[in-house]
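Enquirer: Give me coordinates for this.
(2 chains)
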Amino acid sequence: MIVENSEVILSVKDLTASVEGTPILKGVSLDVKAGEIHAIMGPNGSGKSTFSKVLAGHPSYEVTGGEIRFKGENLLELEPEERARTGVFLAFQYPLEIPGVSNLDFLRVAYNSRQKHKGLEELDAFDFDELVQEKLDIVKMNASFLNRSVNEGFSGGEKKRNEILQMALLEPTLAILDETDSGLDIDALKIVANGVTQLTTPENAVILITHYQRLLNYIQPDYVHVMEGGRIVTTGGKELALELEERGYEWVTEPEATEARV
Amino acid sequence: MTIQVSPGQLAKSKATTQREVYLAALLNQRSEFDRQNLSADLGDWLQDLRDRASVRLQDLAIPSPKDEEWRFTDLSSLLQVSFQAATAALSAEALAGFNAVLPETAESCLVFVNGRYMPSLSSTAGLPQSVTVGNVGQLEEPYAARLRHYLAQQPGSEEVFTTLNTASMTDAAVIWVPKNQVVETPIQLLFISAGETATLSHPRCLVVAEPNSQVTFIEDYVTGDRGYFTNAVTEIWIEENAQVNHTRVQRDRSNAFHIGKTAVSQARHARYIGTTISMGGKVSRHNLEIFQLGEQTETTLNSLTMIAGEQLSDTHSTIAYSSPYGTSRQLHKCIVDDQAHAVFNGKVVVPQAAQLTDAGQLNRNLLISPKARVDAKPQLEIVADNVKCTHGATVGQLDADEVFYLQSRGIDADSARKLLIYAFAFEIIEQVPIASLQQALSQSISPPTS
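Expert: You can find the predicted model right below:
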């Protein structure tokens, strides 16, 4: 929701970034305020996923210019784990499998690292189990998932639900969902979307990176941005997504079309 | 017993090479076979077995890197050490630190210290009467008489270290499971090298699983502070339709030398499940030899080498098929840190007669540091034309994306790496069929959570 005079959580200015010397982001600027849901759409290779990884601090992406401030702090100075502890959460497009590490242990380590950072009490296995049981319902996950190895043998939908479960536990100020909807059937999509909606409050914000307008039927964005060639080329309300669905990206991304719009 | 040969003395010997002289010096350390509880007949046979091996040894030498089988494993550092046979028995206090008997095997374990059977530390009270678990002296008829058909009768017994073991054998751990007997309780064979001097020991195990029987055993090696030399040989005979689940754990200190052989003969329909964990030793070598001797035999091998510092650990495996419908599944993993060096040579031999063989081998290596090294060599010798044989080898470092995934959940980079190494190792460790041992091995790597 758009809230008048709410705090700017994320402020990105003229961000440029490269992978192995190839520039991918070529000047991204974006402000996200508390309570807002932003959708970033765009064709393959437009830089959407790179943007999400740069926000989370992936070491393979080199920031070559611009700035990112998160709650007033220079995010670029923080290690990925510090960004996570301070409230940035990235739901992965392809969550990794970690055989041999139980999901419950993994969630608890992640949760406690956040608690420690905030100066709050770390939970023992028993108390944590109680907490996580409450959260399971948000993503309609069966408790048996907790005793399995992290993402090992999970279906695509189960992996994405597990990402949202992590989000529910870590209660991030800024959640970035990188194509969380890709490859999901409609039931799984509804569960994921419903989970995200439940976790959205006036104090936090969400960036949805998506390829498909379909997700936005279930999560109502306040803003829709279109990315192309490493820049945000146009921004609109949720109706922009519908238009994109009907007309494709060409009309916004081709230079003459863009000029015609201006 | 005193030191027979020191490196200085070796230089004086010109008639033979240093590696021959050294081997002879190791042989000179042998003590007599304890014939006290043996029948005269069996005693004579064992004496003769040892003598014949000693004679054979005169034509052999410690292998050098010029030998193809030892190309990457240089035993020069072994030649620098003068080992002694253990003499005095160790006190209970001296052994207190090695209490590696597992809770699950408290009443089904044999303990050997420096090659000597320790009845006071062993117990077989939890095992069925019909199963023979003990040392050679405890063997009753008809098994005592049949020993000669099994002990030192596997192919490959002429190999130099196996011959040295046979020539120096003072006792052996024996597990003999009669026909149709299923032994539910796992059995532990614990070999401890301890004491104030760099001792030499030649542990020997013989396992016979008669037709339709089933048994699970753990062969466990631990050492004290000194740089001991363990030269172990385990022979396993799995008769028709029998099953053996064998876990071999080598957790010597990182200053020890360890050369071990596991030889397995599988009759028709026999199943062998082998799990090997090698984490100790300055220089260690494991020769794993599987002989599938009948139709439709099944072999499962899971092994993990986990080394750091300047350790060298070599695994040479051979799966020799002979008959149709055999299967094997082999997964060998290495985790190599610092300047350590792992070697894996995985041979699979499929002769013409072994049609419809299904052999799969996978070797995955994780190099933690830039100076870590692994030499991996799959070696498939396939003559039969209607078979399915696959092999794969990967060498990699920790995946940056995986580390990042964990970091993005608030876990610092160092803990993330530890967690991923643990996960890589766990695929093998989880195959260990004893809960307490599985847990101990997990903890020795890195606990998943702190």
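
Enquirer: what about the residue in the stretch 1-150 of chain A positioned nearest to chain B, how many residues close to it?
Expert: Nearest to chain B, among the residues of the stretch 1-150 of chain A, is A:G100, at 2.7 Å (Cβ to the nearest Cβ). Where C-beta positions appear, they are placed from N, C-alpha and C, glycine not excepted. Using other Cβ atoms under 10 Å in any protein chain shown, A:G100 has 22 neighbouring residues.

Enquirer: In three-state terms, how would A:E67 be classified?
Expert: Look at A:E67: counting by DSSP: H, G, I helix; E, B strand; the rest coil, its state is strand.

Enquirer: In the stretch 51-200 of chain A, what residue spans correspond to strands?
Expert: Taking DSSP state E, counting those that start in this stretch to define them, one finds strands in the stretch 51-200 of chain A at A:61-70, A:73-74, A:88-91, A:98-102, A:149-150, A:174-178.

Enquirer: Show the contacting residues for the residue of the stretch 1-150 of chain A closest to chain B.
Expert: A:G100 makes contact with A:149, B:422-427, B:429-430, B:448, according to Cβ atoms under 8 Å, 6 or more residues apart in numbering or on different chains.

Enquirer: Any idea how many residues pack against residue 138?
Expert: You didn't pick a chain, so chain A it is. As a burial measure, A:I138 scores 20 neighbours (other Cβ under 10 Å).

Enquirer: Chain B is the one I meant
Expert: Residues lying near B:Q138 (other Cβ under 10 Å) number 16.

Enquirer: Worst mean pLDDT among the strands of the stretch 51-200 of chain A?
Expert: Mean pLDDT across those is lowest at strand A:98-102; the value there is a mean of 83.

Enquirer: for chain B, what are the nearby residues on the stretch 151-262 of chain A?
Expert: Taking Cβ under 8 Å from any Cβ of the partner chain as the contact definition, the stretch 151-262 of chain A meets chain B at A:166, A:170.

Enquirer: Report the closest residue of the stretch 151-262 of chain A relative to chain B.
Expert: Nearest residue of the stretch 151-262 of chain A to chain B, counting by Cβ to the nearest Cβ: A:Q166, 6.4 Å away.

Enquirer: my guess is that residue meets B:R409, correct?
Expert: Yes. Counting by Cβ atoms under 8 Å, A:Q166 does reach B:R409; the two are 6.4 Å apart.

Enquirer: How about chain B: which residue is closest to chain A?
Expert: Scanning chain B for the residue nearest chain A gives B:F426, at 2.7 Å (criterion: Cβ to the nearest Cβ).

Enquirer: what's the helix or strand for that residue?
Expert: Following DSSP states H and E, one finds B:F426 within helix B:413-429.

Enquirer: Sketch out the helices for the stretch 51-200 of chain B, chain order is fine.
Expert: B:76-79, B:92-95, B:143-146, B:160-168 (DSSP state H, counting those that start in this stretch).

Enquirer: which of those sits most buried?
Expert: The highest average neighbour count among those, using mean count of other Cβ atoms under 10 Å in any protein chain shown, belongs to helix B:160-168 at a mean of 23.

Enquirer: picking that back up, and the strands of the stretch 51-200 of chain A as a markdown table, adding distance to A:L244?
Expert: Formatted as a markdown table, those follow (distance: least, Cβ to Cβ, whole Å):
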| stretch | distance to A:L244 |
| --- | --- |
| strand A:61-70 | 26 |
| strand A:73-74 | 33 |
| strand A:88-91 | 22 |
| strand A:98-102 | 36 |
| strand A:149-150 | 35 |
| strand A:174-178 | 18 |
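
Enquirer: Please identify which of those is closest to B:Q266.
Expert: For B:Q266, the closest of those is strand A:98-102, at 29.4 Å, according to Cβ to Cβ.

Enquirer: Close to chain A: what parts of chain B are there?
Expert: Chain B comes close to chain A at residues B:400-402, B:404-413, B:415-416, B:419-420, B:422-427, B:429-430, B:448-450, as judged by Cβ under 8 Å from any Cβ.

Enquirer: Can I get the buried part of these as one PyMOL selection?
Expert: Command for PyMOL that selects the buried part of the residues of chain B next to chain A, burial taken from 16 or more other Cβ atoms under 10 Å in any protein chain shown:
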select buried, chain B and resi 402+404+405+406+407+408+409+410+411+412+415+416+419+420+422+423+424+425+426+427+429+430+448
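
Enquirer: tally of neighbours for the residue of the stretch 151-262 of chain A closest to chain B?
Expert: 25.

Enquirer: Would you check that B:T234 makes contact with B:T276?
Expert: No. Applying Cβ under 8 Å, one finds B:T234 not in contact with B:T276, separated by 11.0 Å.

Enquirer: my read: B:D74 touches B:P63, true?
Expert: No. Between B:D74 and B:P63 there is no contact under Cβ under 8 Å: 9.7 Å.

Enquirer: and stretch A:113-128 with chain B, contact?
Expert: Yes. Using Cβ under 8 Å from any Cβ, stretch A:113-128 reaches chain B at A:113-114, A:117.

Enquirer: got the buried residues for that stretch?
Expert: Judged by neighbour count (16+ other Cβ under 10 Å), stretch A:113-128 contains these buried residues: A:113-115, A:123, A:128.

Enquirer: try stretch B:334-346
Expert: Quick answer for stretch B:334-346 (16+ other Cβ under 10 Å): B:334-337, B:340-346.

Enquirer: same check, this time on stretch B:140-155
Expert: By 16+ other Cβ under 10 Å, the buried positions in stretch B:140-155 come out as B:143-144, B:147, B:150-152, B:154.

Enquirer: Taking these, tell me the two that lie furthest apart.
Expert: Spatial extent of these (Cβ to Cβ) is set by the pair B:A144 and B:Q154 at 19.3 Å.
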